[in-house]
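Enquirer: I'd like to go over a predicted model; first the sequence, then the structure.
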Amino acid sequence: MTESDPVAAFRETILEQLGSAPEHVAVAAGEAVFREGDAADAMYFIVSGRLAVTIARQGRRQIQVAELGPGEHLFSTQHTLRHYQTAYYDSELDDTQPWETWDEQGGIDMATRASTRWKKLLDDYDAPPLDEGIDAALRDFMDRRKSQMPDMWY
C-alpha cells in the first residue's frame, strides 16, 4: 500500500487502520462508482481492471477525462495536469501535512498562519522611492479631501 502515491505520506497507524477493514466492491462495466455531489465518505483503490473517469453535464455529451488502473490516481492524469494551473489555487497558507504532523507541530490554524503572514509582509516592506514633490502634492491632496469630509465610523 505504501508504494501508491496517494498514501505515501500516511503514518503506519493510519495505513493499518485503512488496511484493517477494507470493503471489496465489485463494479460492473458501465456502472458508476460515485457521482458528483455524492458524500465524500469513501476511498477507492483499483485492485484490477480499468476505471473510466467521466464528466457528465446535463444537456451535454459525456467527456472521458481519464482511464485509471491499479496504482493510478486522478492527480497524475493528463486532464488534471492540463487544468491544474488554471483550475486550482494553491495557497501559500495551506498546510497539507498529515493531521498528526500538524497536531504535533502545534496545530497552527489558517487564521493564525494568515495573521503571521500579513504581519511579516508588512514588516519586510520597503516603500519604493517617491519624488519629494509628488509626495508633498499627494499629502496636500489627502489633507484637503479629509478637511472637506466629516469623519466616518469606518
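Expert: Sure thing, it's come through.

Enquirer: Tell me the secondary structure at residue 65.
Expert: For residue 65, the assignment made with DSSP: H, G, I helix; E, B strand; the rest coil gives strand.

Enquirer: how many other residues sit next to it?
Expert: Residue 65: 15 surrounding residues under other CB atoms under 10 Å. C-betas here are computed from N, CA, C, even on glycine.

Enquirer: what about residue 48, how many neighbours?
Expert: Neighbours of residue 48 under the rule other CB under 10 Å: 7.

Enquirer: my guess is it contacts residue 70, does it?
Expert: Yes - assessed by CB atoms under 8 Å, residue 48 is found in contact with residue 70 at 6.3 Å.

Enquirer: residue ranges of the strands in the chain, please?
Expert: Secondary structure of the chain (DSSP state E): strands at 51-55, 63-68.

Enquirer: Now render those strands as a markdown table, adding distance to residue 105.
Expert: Shown next, in a markdown table, are these (distance: least, CB to CB, whole Å):
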| stretch | distance to residue 105 |
| --- | --- |
| strand 51-55 | 35 |
| strand 63-68 | 33 |
